[in-house]
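Student: Build me a model:
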Amino acid sequence: QPKRKAAFGSVGRRIPYRILHVINQDGESLGNMHRAEALRLMDQHGLKLVLLHENVEPPVYRLMTGQQIHEEQLKRAEKKKGSPKPGVVQKELSFSSAIAENDLKTKTKQIALWIEKKHHVKVTIRQAK
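Tutor: Predicted coordinates for the structure are as follows:
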């Protein structure tokens, strides 16, 4: 089975890399350091080490408080929620505010049909001149 990418969060003490680039909780770079030195800093300040960028040499870790980790998780969840999910169809309908009554009935029937099919529907109403 392929390894699943770990969710954003505290990595604790199991760090697979010997040399790390560490950023403190205020966002200032502390430079490259050995794993043992980073763990000592973590314990000394009562913070947690979190992996930010894995695909760079050396990998970037940040010292964060539990509150900072929680806020970052909420931000990422909100960003993920905003992006459309694969497999979800989004339908868009646009019409003028001067639309005829029969045309409006037809379009509302179409919208109801799309909603029944669990499509996301976006309706845009343009103001008539």
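
Student: alpha carbons only for contacts and neighbour counts from here, please
Tutor: Will do.

Student: May I ask which helix or strand of this structure has the lowest mean pLDDT?
Tutor: Evaluated with mean pLDDT, DSSP states H and E, the helix-and-strand set of the chain has its lowest mean pLDDT in helix 66-82, which scores a mean of 82.

Student: Within its sheet, name the partner strands of the helix or strand just after that one and how each one runs.
Tutor: For helix 66-82, the succeeding helix or strand toward the C-terminus, using DSSP states H and E, is strand 90-96. Its sheet considered, strand 90-96 pairs with strand 120-126 (parallel) by DSSP bridges.

Student: Now tell me what touches the partner strand from outside.
Tutor: Outside strand 120-126, the residues that touch it by CA atoms under 8 Å, 6 or more residues apart in numbering are 88-97, 111, 114-115.

Student: and with 10 Å instead?
Tutor: 84, 88-99, 111-112, 114-115 (CA atoms under 10 Å, 6 or more residues apart in numbering).

Student: Next: stretch 100-110.
Tutor: Contacts to stretch 100-110, defined as CA under 10 Å, 6+ apart, come from residues 93-99, 111, 113-116.

Student: Could you do stretch 28-41 as well?
Tutor: When contacts are defined by CA under 10 Å, 6+ apart, stretch 28-41 is touched by residues 12-24, 42-44, 46-49, 58-63.

Student: now with 6 Å?
Tutor: Surrounding stretch 28-41, the residues in contact under the criterion CA atoms under 6 Å, 6 or more residues apart in numbering are 18-23.
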